[in-house]
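# Give me coordinates for this.
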Amino acid sequence: MAVAPRGETTVTPPAAASAAAIRTDDPTTESAAASAAAADAQAPAPTGQPGNGDDDPDERTAADPAAPGLAHPPAPSPTGAEFTRPGGMFSSLRVRNYRYYFAGQVVSNTGTWMQRIAQDWLVLSLTGSPLAVGITTAMQFLPMLLLGLFGGVLADRMPKRRLLIYTQGAMGLLAVGLAVLTIGGAVTPYYVYAFALLLGLVTVVDNPARQAFVAEMVGPKDLANAVSLNAANFQTARLVGPAVAGLLIAAVGSGWAFAVNALSFVAVIGGLLAMRESELRPTEPIAREKGQLREGLRYVRERPELLWPMVLAGFVGTFGFNFPTLLAGFAYDTFKVGAGQYGLLNTAMAVGSLTGALLAARRGVPRLRRLVGAALAFGMLEVVAAFAPDFWTFALLLMLVGVFGLSFNTSVNASLQLATDPAMRGRVMGLLVLVFTGGTPIGAPIVGWVTASYGPRLGLLACGLVSAAAAGVVGLVLARSADLRVRFDLHPGRGGRVVAFVPRTGAARKSELATAC
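So this is what the prediction gives:
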């Protein structure tokens, strides 16, 4: 996004400043940056709130050039970019539209986790086969692997709020259908497979649209915070949903868990309908043309600040996040514990992930070094956990793995959205979802084979080494692309850093990618 030079009467819009901070100096971005600035200029500012969509018009951060008490705007960085200071752990909840969205997602995510547990239990009770449960999961995630990029294109072609109303409504209807079949006693495994496949097809469109819509609600200033709170929301539901589903299944059966999930979509659709359109920052939908999928791929390929985080997300998502197979192996084969302790391992991961999401919400705009560092720490902690001597040590390490895994997840999501022109955001997020979750059908069988052949410890060790190695390679590539080198200082002094990125030459070629790093 282009940033206008500062003068005495010219103020850089926060949207342009935040996104420009992650721009590359690649000359191919010039026209795209100009179009992105034009898109932001056309986006309506919220009525009644000066410029940022917050409910409190008098609240300013120190990075706001209009903040009271600042006689002069802060000097621009060498690229004209700014990194806004974090506005608190829950700063994005000051935005009215996002509050409605967040509240609806609290209810809907809980219902979604209830349906996941009830669906697996239903298939297992109908067939008695864990393989059938695996088939159900594959049917639900296979559409993302095959069609994920097309979902991103569709998200760019339609108004995202309207598209989400359609997709969330479709998910609710699918839950109603499965509930009716189950409660009526007519359900069979093949019906469940079919509903899982249909749900996966809807998710192909819903996922990139939902992620790209966050920026339209809160703008770049609070985007990183909103992404982190969305992750915290999801992890909270991960703790609550399965427990409620277990009680409901035991009391009245799986069908009523599907019915409750169907009702949960009323909350999120109601939140979308209650939003004030004047306070959104909608991106103009692109016209339908040939080659838009290839255009999105080319857009990512030409920008290192998009390409290499995407590559890292692919490796971490495909190999690092294969916990269902690994945790079951550790519980039953390594530590010889029962279902209760196996559940505790999943709870430990969820608690760690929730903690990581809340910690990420306190930070400002994510830097690429933080993204790479989180992936490196995530991989190394998996390596350490592979050698855990007992169950409780392993559970504690899983909490730390969850912290850094979620920190990486939120950082890559927010950094890619901020670095992407609004007209391309749906396609970029569709590609991110594809590489991060679509690789599961590839990585899971490999990790499962290693675990079955050589044991869970070696399986987790391999996952951690792949994630850490990918983080190291991507970090070096990004540093080289930005003309930076790593400096180690064992005596950094007050306010210094032991490890820092510095220019390779004395006179810094301060590229915008270097600013992002």
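# got a list of what Ile286 touches?
By C-beta atoms under 8 Å, 6 or more residues apart in numbering, the contact list for Ile286 reads Asp156, Arg157, Gln292, Ala423. (C-beta placed from N, C-alpha, C; glycine too.)
# now stretch 172-187: mean pLDDT?
The predicted model assigns stretch 172-187 a mean pLDDT of 95.
# Could you verify my assumption that Val435 touches Pro309?
No - look at Val435 against Pro309 with C-beta atoms under 8 Å: they stay out of range, at 10.1 Å.
# These two: which is more packed in?
Pro309 (27 against 19; other C-beta atoms under 10 Å).
# I'd like the average pLDDT over whichever strand or helix holds Gly134.
Using DSSP states H and E, Gly134 sits within helix 130-157. Mean per-residue pLDDT for helix 130-157: 83.
# Tell me which other helices or strands that helix touches.
helix 96-127, helix 189-218, helix 292-301, helix 425-437, helix 440-454 (3 or more C-beta pairs under 8 Å, 6 or more residues apart in numbering; DSSP states H and E).
# nearest to Leu178, of those helices?
With C-beta to C-beta as the criterion, Leu178 lies closest to helix 189-218 of the helices and strands packed on helix 130-157, at 5.0 Å.
# helices or strands up against the closest one?
Helix 189-218 packs on helix 96-127, helix 130-157, helix 160-183, helix 223-252, helix 391-419, helix 425-437, going by 3+ C-beta pairs under 8 Å, 6+ apart.
# Report the buried residues of it.
189, 191-193, 195-196, 198-218 (16 or more other C-beta atoms under 10 Å).
# tell me the angle of that helix relative to helix 160-183?
150 degrees (axes from the mean of the first three to the mean of the last three C-alpha atoms, to 10 degrees).
# Taking helix 223-252 as reference, get the angle to helix 189-218.
150 degrees.
# Next, report how far helix 189-218 is displaced from the centre of its chain.
14 Å (C-alpha atoms, centre = their mean, to the nearest Å).
# ok, back up a step: between the helices and strands packed on helix 130-157, which one is closest to Val473.
With C-beta to C-beta as the yardstick, what comes closest out of the helices and strands packed on helix 130-157 is helix 425-437 (15.8 Å).
# CA atoms of that closest one as PDB?
Backbone C-alpha positions of helix 425-437 (Å, rounded to 0.1, in the frame of the first residue of the first chain) are rendered in PDB as follows:
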ATOM      1  CA  ARG A 425      -6.600 -10.800   0.300                       C
ATOM      2  CA  GLY A 426      -9.200 -13.600  -0.300                       C
ATOM      3  CA  ARG A 427      -6.800 -15.400  -2.700                       C
ATOM      4  CA  VAL A 428      -3.800 -15.100  -0.400                       C
ATOM      5  CA  MET A 429      -5.800 -16.300   2.600                       C
ATOM      6  CA  GLY A 430      -7.200 -19.200   0.600                       C
ATOM      7  CA  LEU A 431      -3.600 -20.200  -0.300                       C
ATOM      8  CA  LEU A 432      -2.600 -19.900   3.300                       C
ATOM      9  CA  VAL A 433      -5.500 -22.200   4.400                       C
ATOM     10  CA  LEU A 434      -4.500 -24.600   1.600                       C
ATOM     11  CA  VAL A 435      -0.900 -24.900   2.600                       C
ATOM     12  CA  PHE A 436      -1.500 -24.900   6.400                       C
ATOM     13  CA  THR A 437      -4.400 -27.400   6.600                       C
END
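# which helices and strands does that helix pack with?
Partner elements for helix 425-437 (3+ C-beta pairs under 8 Å, 6+ apart): helix 130-157, helix 189-218, helix 292-301, helix 304-315, helix 391-419.
# Include distance to Ala385 and neighbour count when you put the contacts of Ile286 into a markdown table, please.
Shown next, in a markdown table, are the contacts of Ile286 (distance: C-beta to C-beta, whole Å; neighbours: other C-beta atoms under 10 Å):
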| residue | distance to Ala385 | neighbour count |
| --- | --- | --- |
| Asp156 | 40 | 26 |
| Arg157 | 43 | 16 |
| Gln292 | 43 | 19 |
| Ala423 | 42 | 19 |
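# Which of the residues you listed sits closest to Phe391?
Looking across those and measuring by C-beta to C-beta, the closest to Phe391 is Asp156, at 47.4 Å.
# and the residue nearest to the closest one when sequence neighbours are not counted, how many neighbours?
The shortest distance from Asp156 to any non-neighbouring residue, by C-beta to C-beta, 6 or more residues apart in numbering, is to Gly426 (3.7 Å). Using other C-beta under 10 Å, the number of residues around Gly426 comes to 30.
# what's the pLDDT at Gly426?
So, for Gly426, pLDDT stands at 87.
# Contacts only, for the nearest residue to Gly151 once chain neighbours are set aside.
Nearest residue to Gly151, sequence neighbours excluded (C-beta to C-beta, 6+ apart): Val204, at 3.8 Å. Applying C-beta under 8 Å, 6+ apart, we find Val204 in contact with Pro143, Met144, Leu147, Gly148, Phe150, Gly151.
# what's near enough to touch the residue nearest to Asp156?
Contacts of Gly426 by C-beta under 8 Å, 6+ apart are Gly152, Val153, Leu154, Ala155, Asp156, Arg157, Lys160, Pro208, Ala209, Ala212.
# Between those, which sits nearest Gly134?
The closest of the contacts of Gly426, once distances to Gly134 are taken by C-beta to C-beta, is Pro208, at 25.8 Å.
# wait, that closest one sits on Val433?
Yes - Pro208 is within contact range of Val433, at 6.0 Å (criterion: C-beta under 8 Å).
# so what's in contact with those two at the same time?
Common neighbours of Pro208 and Val433 (C-beta under 8 Å, 6+ apart) are Gly148, Gly151, Gly152.
# hang on, isn't the last one packed against Thr420?
Just to be clear, that refers to Gly152. No - applying C-beta under 8 Å as the test, Gly152 and Thr420 come out as separate, 10.9 Å apart.
# If you count surrounding residues, which of the two has more?
Just comparing Gly152 and Thr420: by other C-beta under 10 Å the higher neighbour count belongs to Gly152, 31 against 28.
# how much space between Arg298 and Leu458?
40 Å (C-beta to C-beta, to the nearest Å).
# Same question for Thr440.
On the measure of C-beta to C-beta, Thr440 and Leu458 end up 20 Å apart.
# If you count surrounding residues, which of the two has more?
Higher neighbour count among Thr440 and Leu458: Thr440, with 22 against 13, using other C-beta under 10 Å.
# Enumerate every residue touching the more buried one.
Thr440 neighbours (C-beta under 8 Å, 6+ apart): Phe141, Gly317, Thr318, Phe321, Asn322.
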